[in-house]
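J.: Mind folding the following:
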Amino acid sequence: MNYQDKTKEELIQELNKLREIAEKSEERWRFALEESGQGVWDWNIQTNEVFFSRSCKEMLGFEDHEMENYLDAWHRRIHADDLRQVLNELERHVKGETSIYQAEYRIRCKDGSYKWISGRGKIMTRGEKGKPVRMVGVHIDITDHVRREEALRESENKFRALAEKSDVGIFLLQERSFCYINQKFADIHEYKIEEILYDKKPKDFIHPEDLPDLKAKTLKTLSGDIDAFHHEFRIITGTGMVKTVEVYYSGTIYEGKPALIGTVLDVTQRRILENRYLQAQKMEVIGLLTGGIAHDYNNILTSIIGYATLLKMRIPEKDKNSIHITHILESAEKAADLTRSLLSLSRRQPLQLQKQKISKSIRESEKLIKSLLVGKIKFEVAIHDDITVMADTTQINVMLINLAKNAREVMPKGGRFRIEVRAAEIDAKFIQEYGYGKDGKYAEITISDSGVGMDKDTLVKIFQPFYLAKTVGVASGLTLSTVYAIVKQHHGYINADSEPGKGTTFRIYLPSQEPSADKPKEPVSEVKAGKETILLAEDYDEVRFLLKEVLENSGYQVVDAANGEEAIQKFAEMPDEIDLAVLDVMMPKKNGKEVFDAIRVIKPDIKVLFASGYTGDVALLEDIQKSDAAFLPKPLKPETFLIKVREMLDRT
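T.: The predicted model follows:
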C-alpha cells in the first residue's frame, strides 16, 4: 500500500507515530548526555532561541529557571579574552567552513568564578539553499583538565629552568639516542646541544676501554634487573680531552617506551685531587718510616765515618790499608746519600735554598751523569735560558741523577738522554689542563729519554714510593718518588708524558727569581784546636764516644751525658765552666729542646749546637732556630763537626 491509497486520517496517525519515535529518540540521547555530565544545547538559528539542558545550567551554578533560553545569555558570560575566538569558530561552522564546531573557553559562573568549557556542536538541519535552521551541541566542563595541564606545564617549566641552570648534566635517552639534554651536559662533552641531539649516540663519547662494562649495566637497567645505576667512567670530549664522569640514571617510560633518565657530573678535577691526597698520605707514611730509620742509620754512619776518619789520620798515606779506609769512607758517603734521598722522599730533609742559576746545578751533575750513562747512551744538555731559581744544589743533583739512573735502566741497548732548560709561564690554561699550578714565571727543566716508554696505567703510578715496572726502571723503588719529593720541596711541579716505544719526557717547573749580584766566595774554614769545656749530650754510645774522642784530640775538655736529665744535672753542677753545649735532639728522659730550655734558665747566654739524624725534629727546633742556636745534620764528619764547634765558640 502506498501513501496515495491512505486516507488523510491514516497519514496523520502515521506522522504522529513517527514524531513520537523521534521525540523518544531525542529524549534518550539527551538523557544519556545529561547523565554523563555533558550539558546539551539546541539552537533554533531562525528564532535565536536556545534550549539549555539542566546540566548546562547547573555546571554554571544556575537553577533551571534562572537562565534565559537565548544565545546571547550564554555569550554574555564568556570571558572577554575568549569571546572573539568562540564567535569566529561558530561563524565558520554556520558558513559550512568546518564539519563541526568546537571551541575551548572560559565562562563566568553564577558566583563570579570562571570555568573552562569545551563546546562542540553541529548544524543538524538546513533549509532552502543550505541556510542553517537548527544546531545541536554539548558543553563539557574541562576546568580540572585545564588546571592539570597548567600544573603540568608549570612543572615542566620549572624543571626546564632548573635543568638549564643545573651544575650537573641531565639527559633523557631512548633507543640509544638522546631525547633531551641540558646545556651543562653539552658543556661537559664539549659539543653543541643540537650536535648531540641529532648526530651523537652515547658510544660516540665513552672511552673504548670503558664501553663493554657500561653496555652490560645499561642493559640490566633497561630490563628492570637494576632499579638505578651509578657508574664512573671516562669520556672523550669534542676537543679530544679525556674526562672522568660520574653518571646516575634509572629506567623510566617515555611516550610509552622504555627510556633512561639521569645526570652526569664531571669529576675529573675531584679525582686528580683525591689521587694527590692519597699520594700525600702515602708520602706521610713513608716519611714517618724513613724518619725513624734515618735517626738510627745516621748515628751508625756517624760512627763509621768518624772512626774511619780517625783511623786514616793515624796511618801513613802510603800504607796499603789506607786505600781500604778510603773505600769505607766512600761507601759511607753513598749510604749517607741514600739516607738523604729517603728523607727527601719523606720531605723531612731541610733544604739549604740559595738563589742561583739553574745551570749551576746541572753543570755540577754532568760529570756524574756521564759516568752513569755508560754504553751507547748519548747525553745532551741545552740551556736555552739560564733562569735564576731558589734551589738546594745537592737536592737538584740528586733529582737529576735519579732521572739519569731511571733513563739508563729503560735504554739497555743505548739511546739518548737530554736535559733542556728554558723560561716558561704557568697560566690559567696550564692549570685547567693539568689540575695544578700557580700563575707565574718558571724555569722549565725538560728531561727526556728515548727508552721503551710506558702505557697510561703505568704512567699514573710512577711517582708512588717503591713502585717498580720494567718500563719505569729497576734501579730503585725510590728513584722517581724521590724526584717528586724534591720538586715539591722546591715548591715546583712535575709531569710526565710517555707512550710505549716512544720514550718518556719529564717536565719540571721551578719558580723563577730575580737575579742577584754575585757574592765573593768565602774562604774554606780550617780546623782549629781549643781548650774550652764542652757539654756533650748524646744517647747513642758509639757516637758519644767518637765525638768525645774527636773533641779531646783537639784539646777540648768534655763533659758527656747519655740522656737529657743527666745533661741538665751535669750542667747545673758547673754552669760557669761549660762554654758550649752539644745536644742531640732525640734523647730519652729529656729531649734536646727540653735540655735547651732548662740550661738557658741557668745560663741564658750558653752557646748551643744541636745535632740530629732525624731532620723531622727540625719542627721541634723552630723557636730555637730563631735564637742563636745552631744545627748540624747527621751523619757528622769529624772535620765538619770541629769547624762548627770552633765557629760557635768564637761567636761574640
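
J.: the strands in the stretch 151-300 of the chain, which residues?
T.: All strands of the stretch 151-300 of the chain, identified by DSSP state E, counting those that start in this stretch, fall at 169-174, 177-181, 228-236, 242-254, 257-266.

J.: send the alpha carbons of stretch 590-609 over as PDB?
T.: Only the C-alpha atoms of stretch 590-609 are listed here, as PDB (Å, rounded to 0.1, in the frame of the first residue of the first chain):
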ATOM      1  CA  LYS A 590     114.500  14.800  78.200                       C
ATOM      2  CA  ASN A 591     114.900  15.700  74.600                       C
ATOM      3  CA  GLY A 592     117.300  18.300  73.300                       C
ATOM      4  CA  LYS A 593     114.600  21.000  73.300                       C
ATOM      5  CA  GLU A 594     113.800  20.400  76.900                       C
ATOM      6  CA  VAL A 595     117.500  20.400  77.800                       C
ATOM      7  CA  PHE A 596     118.000  23.700  75.900                       C
ATOM      8  CA  ASP A 597     115.100  25.300  77.800                       C
ATOM      9  CA  ALA A 598     116.500  24.100  81.200                       C
ATOM     10  CA  ILE A 599     120.100  25.200  80.700                       C
ATOM     11  CA  ARG A 600     119.100  28.600  79.300                       C
ATOM     12  CA  VAL A 601     117.300  29.300  82.500                       C
ATOM     13  CA  ILE A 602     120.500  28.500  84.400                       C
ATOM     14  CA  LYS A 603     122.800  30.300  82.000                       C
ATOM     15  CA  PRO A 604     120.900  32.500  79.400                       C
ATOM     16  CA  ASP A 605     124.000  33.100  77.200                       C
ATOM     17  CA  ILE A 606     125.100  29.500  76.900                       C
ATOM     18  CA  LYS A 607     126.000  28.600  73.300                       C
ATOM     19  CA  VAL A 608     124.200  25.600  71.900                       C
ATOM     20  CA  LEU A 609     124.800  23.300  68.900                       C
END
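
J.: begin at 47 from here
T.: Let's use 47 as the start, then, which means that last one is stretch 636-655.

J.: list the buried ones in that stretch?
T.: 636-642, 644-646, 652-655 (16 or more other CB atoms under 10 Å). (Each C-beta comes from the backbone N, C-alpha and C, glycine too.)

J.: Sitting in helices, which of the residues you listed do you find?
T.: G638, K639, E640, V641, F642, A644, I645, R646 (DSSP state H).

J.: For the residue lying closest to V140 once chain neighbours are set aside, which residues are in contact?
T.: Nearest residue to V140 in three dimensions, chain neighbours excluded: P178, at 5.4 Å (CB to CB, 6 or more residues apart in numbering). Counting by CB atoms under 8 Å, 6 or more residues apart in numbering, P178 touches I91, V140, I169, T171, R172.

J.: For those, could you give me JSON lines that also reports secondary structure?
T.: What follows is the contacts of P178, written out as JSON lines (DSSP: H, G, I helix; E, B strand; the rest coil):
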{"residue": "I91", "secondary structure": "coil"}
{"residue": "V140", "secondary structure": "helix"}
{"residue": "I169", "secondary structure": "strand"}
{"residue": "T171", "secondary structure": "strand"}
{"residue": "R172", "secondary structure": "strand"}
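
J.: what's around K416, how many residues?
T.: Counted by other CB atoms under 10 Å, the residues lying close to K416 total 13.

J.: how does this protein divide into domains?
T.: 47-73, 82-189, 212-312, 322-390, 396-557, 579-695 (automatic domain parsing).

J.: Can you add mean pLDDT and give the ones you listed back as TSV?
T.: As requested, the domains of the chain are exported to TSV (pLDDT from 0 to 100):
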stretch	mean pLDDT
domain 47-73	58
domain 82-189	89
domain 212-312	85
domain 322-390	77
domain 396-557	82
domain 579-695	86
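
J.: Can I get those in a markdown table including distance to R206?
T.: Listed next are the domains of the chain as a markdown table, based on distance: least, CB to CB, whole Å:
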| stretch | distance to R206 |
| --- | --- |
| domain 47-73 | 50 |
| domain 82-189 | 25 |
| domain 212-312 | 8 |
| domain 322-390 | 38 |
| domain 396-557 | 30 |
| domain 579-695 | 56 |
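
J.: now for those, which one comes closest to V573?
T.: domain 579-695 (4.9 Å; CB to CB).

J.: That closest one spans what distance, first to last residue?
T.: Start to finish, the residues bounding domain 579-695 are 10 Å apart (CA to CA, to the nearest Å).

J.: Just checking the distance from the helix or strand where W89 lies to the centre of its chain.
T.: Element membership of W89, judged by DSSP states H and E, is strand 85-90. Mean-position distance between strand 85-90 and its chain equals 71 Å (CA atoms, centre = their mean, to the nearest Å).

J.: Alpha carbons of that strand, as PDB, please.
T.: Below are the C-alpha coordinates for strand 85-90, written out as PDB (Å, rounded to 0.1, in the frame of the first residue of the first chain):
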ATOM      1  CA  GLY A  85      25.300  19.900  29.100                       C
ATOM      2  CA  VAL A  86      23.100  19.800  25.900                       C
ATOM      3  CA  TRP A  87      22.000  22.800  23.900                       C
ATOM      4  CA  ASP A  88      19.700  23.100  20.900                       C
ATOM      5  CA  TRP A  89      19.800  26.300  19.000                       C
ATOM      6  CA  ASN A  90      17.000  27.400  16.700                       C
END
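
J.: Show me what that strand is packed up against.
T.: Secondary-structure packing of strand 85-90 (3 or more CB pairs under 8 Å, 6 or more residues apart in numbering; DSSP states H and E): helix 54-81, strand 95-98, helix 100-104, strand 178-187.

J.: Next, the buried residues of it.
T.: Buried residues in strand 85-90, counted by 16+ other CB under 10 Å: G85, V86, W87, D88, W89.

J.: Fine by me, thanks again.
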